[in-house]
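[1] I would like the atomic coordinates for the input below:
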Amino acid sequence: MPIISAFLTWALLLGVALRFASDSTKSMLSDVAEAVSQVVRWVIKFAPLGVMGLVFNAIAANGIETLFSYGKLIFLLVGAMFFDALVVNPIIVYIKTRQNPYPLVFKCLKDSGITAFFTRSSAANIPVNMKLCEELKLDKDTYSISIPLGATINMGGASITIAILTLAATHTLGQTVDFGTAVILCVLAAVSACGASGVAGGSLLLIPLACSLFGIPNDIAMQVVGVGFIVGVIQDSCETALNSSTDVLFTAAADIANKKKTSEAINEHKNLSGKSWTGFCWAYSLLFFAMISSTFFIRNQPAHEDASEQSDEERTELHVYGRQNEISPYQCQARAGNQRGNHTAAGSFSIEHS
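    The predicted model follows:
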C-alpha cells in the first residue's frame, strides 16, 4: 500500500507540474503513453496462453474439482451483476423518473448490452450507445457528453469484480472481514474502477490495489488476477454488458426527468397565466358593471326632494315664486331640484326669478 501511494503521489505532482511543459514535452509523453498502451494490448492478446497454463497447473495440482470452484466464482460474479442490472438500476431509474423502469432497462440491455457482451470493450461500444440514444430521442447535448464519459468512469461491473475477487482472496487466506471494512472496500472498488481501461480485462489490474487494503502480498494478489483471467471469458463479457448498458440507461433517465421537470414548469406557468387572465377579466367585468350601474342610478335620481327635507325659508320662497309665475308647487319643486343638480358640491342652491 505505501508503494502504491508513493506512485500515486508522484503521478499527481508530475501531472500538476507538467501543465507548464512545452508542447514538445507533452507530445513525447503522449507518445510514451500510447506505447505503454500498445504493450498492454499485446499482453492481453497473449493472455489466453497464460490462462491455459494457469488452468493446467491448477488441475494438475488439485484435480478436476478445481473447475467446480471456478464455476461457483463465475456464478457469484454473474449473479451479482444480474442483481445490479435488474434490481438496483431499475430502482435508481424509478426514483429519478417516477415511471416503470423495466421497458427502458430491457431496451438498453437488448440493444447495447448484447453488443458489449461480445465486443468486451466499453470504448468500442460507444457508437452503438450513441445510435441508441438517437433512437430514444434523447437530448444530443446530453448524450454526446455522457456516453463517452460513461465509457470511462461508469464501471459498476468492474467494481463488482474487484470487490468479489478481493473478498474471495481474504476468505481463502482465512481473514475475517467485518461489515464496515466491506463497505470501505466497495467504495474503494467503485472509485478505483473509474480508472480502469475500457479494454478487455482492464478491471483485473486493479485487484492488487484492493488487496493491499487487507495486507495481501502482491504475489498472491497477482494469483487472484490470474484467476480473474481464467473466468474472464464470461465475467468480463457480463461486466462490459452491464457497464455499457447503464451508460445509456442513466443518460435516458436523466433526460426523461429533465423533460418532465420542464413540462411541469411550462404547465404550471400556463395555469398561473390562465388564472391571472381569468381574474383580470372578472375584475374588469365587475368594474364595468359598477360604472354602468352608477351611471344608470345617477340618471334616474328623482328630480324633486321630499317636502319634509326642505326648510321653512325654502317652502316660503317656493310659494312666493309660484304665485308670481302662476305655476303649481310641484313645478316649483322640480325647477328647484334641477338647479340643485347643476350646482356645485357645496349643497346650497338659489332660485333665480325670471
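[2] what about the helices in the stretch 1-150 of the chain?
    Applying DSSP state H, counting those that start in this stretch to the stretch 1-150 of the chain gives helices spanning 2-17, 23-45, 47-62, 65-83, 89-97, 102-108, 114-119, 126-135, 140-153.
[3] would you list these in TSV and tack on mean neighbour count and distance to residue 211?
    (C-beta placed from N, C-alpha, C; glycine too.) Formatted as TSV, those follow (neighbours: other CB atoms under 10 Å; distance: least, CB to CB, whole Å):
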stretch	mean neighbour count	distance to residue 211
helix 2-17	10	11
helix 23-45	11	20
helix 47-62	13	17
helix 65-83	14	16
helix 89-97	17	28
helix 102-108	17	33
helix 114-119	18	27
helix 126-135	17	31
helix 140-153	16	22
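[4] Between those helices, which one is closest to residue 232.
    When these are compared by CB to CB, helix 47-62 sits nearest residue 232, at 7.5 Å.
[5] That closest one - what's its average pLDDT?
    When pLDDT is averaged along helix 47-62, the result is 73.
[6] And stretch 67-79, by the same measure?
    On average, stretch 67-79 scores 84.
[7] just stretch 228-239 next, same as before
    Averaging pLDDT along stretch 228-239 yields 82.
[8] thought residue 195 was touching residue 203?
    No - in this structure, residue 195 is not within contact of residue 203 by CB atoms under 8 Å, at 9.8 Å.
[9] Looking only at neighbour counts, state which of those two leads.
    Taking neighbours as other CB atoms under 10 Å, residue 195 and residue 203 compare with residue 203 leading, 29 against 15.
[10] list the contacts for the more buried one?
    Taking CB atoms under 8 Å, 6 or more residues apart in numbering as the contact definition, residue 203 lies against 155, 157, 158, 161, 162, 193, 196, 236, 239.
[11] check which helix or strand covers the residue lying closest to the last one once chain neighbours are set aside.
    Okay, so that is residue 239. Leaving aside its chain neighbours, residue 239 sits nearest to residue 157 (3.4 Å; criterion: CB to CB, 6 or more residues apart in numbering). Using DSSP states H and E, residue 157 maps to helix 156-172.
[12] what does that helix contact?
    Applying CB under 8 Å, 6+ apart, the contact partners of helix 156-172 are 73, 76-77, 80-81, 84, 177, 182, 185-186, 189-190, 192-193, 196, 202-204, 206-207, 210-211, 213-214, 216, 220-221, 224, 227-228, 235, 238-243, 246.
[13] Now find how far off-centre stretch 8-20 is within its chain.
    Computed by CA atoms, centre = their mean, to the nearest Å, the chain-centroid distance of stretch 8-20 equals 33 Å.
[14] how about the CA coordinates for it, as PDB?
    Extracted in PDB, the C-alpha atoms of stretch 8-20 (Å, rounded to 0.1, in the frame of the first residue of the first chain):
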ATOM      1  CA  LEU A   8       0.000   8.000  -7.000                       C
ATOM      2  CA  THR A   9       1.500  11.000  -5.200                       C
ATOM      3  CA  TRP A  10       4.400  11.300  -7.700                       C
ATOM      4  CA  ALA A  11       1.900  10.900 -10.600                       C
ATOM      5  CA  LEU A  12      -0.300  13.700  -9.200                       C
ATOM      6  CA  LEU A  13       2.700  16.100  -8.600                       C
ATOM      7  CA  LEU A  14       4.100  15.400 -12.000                       C
ATOM      8  CA  GLY A  15       0.700  15.900 -13.600                       C
ATOM      9  CA  VAL A  16       0.400  19.400 -12.000                       C
ATOM     10  CA  ALA A  17       4.000  20.300 -12.800                       C
ATOM     11  CA  LEU A  18       3.700  19.200 -16.500                       C
ATOM     12  CA  ARG A  19       0.900  21.600 -17.100                       C
ATOM     13  CA  PHE A  20       3.500  24.300 -17.800                       C
END
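[15] What is the neighbour count of the residue nearest to residue 239?
    The tally of other residues near residue 157 (other CB under 10 Å) stands at 30.
[16] From the contacts of helix 156-172, keep the buried residues only.
    73, 76-77, 80-81, 84, 185-186, 189-190, 192-193, 196, 202-204, 206-207, 210-211, 213-214, 216, 221, 224, 227-228, 235, 238-243, 246 (16 or more other CB atoms under 10 Å).
[17] Among those, which lie within strands?
    Counting by DSSP state E, the buried ones among the contacts of helix 156-172 place none of their members in strands.
[18] sorry, back to before: the residue nearest to residue 239 and residue 138: what is the separation?
    Computed as CB to CB, to the nearest Å, the residue 157 to residue 138 distance reads 22 Å.
[19] can you check residue 226 too?
    Residue 226 is 41 Å from residue 138, by CB to CB.
[20] So which of the two has more stuff around it?
    More crowded of residue 226 and residue 138, by other CB under 10 Å: residue 138, with 22 against 19.
[21] And the pLDDT at the residue lying closest to residue 85 once chain neighbours are set aside?
    Take residue 85 and drop its neighbours on the chain: the residue closest to it by CB to CB, 6+ apart is residue 242, 5.5 Å away. What the model reports as pLDDT for residue 242 is 90.
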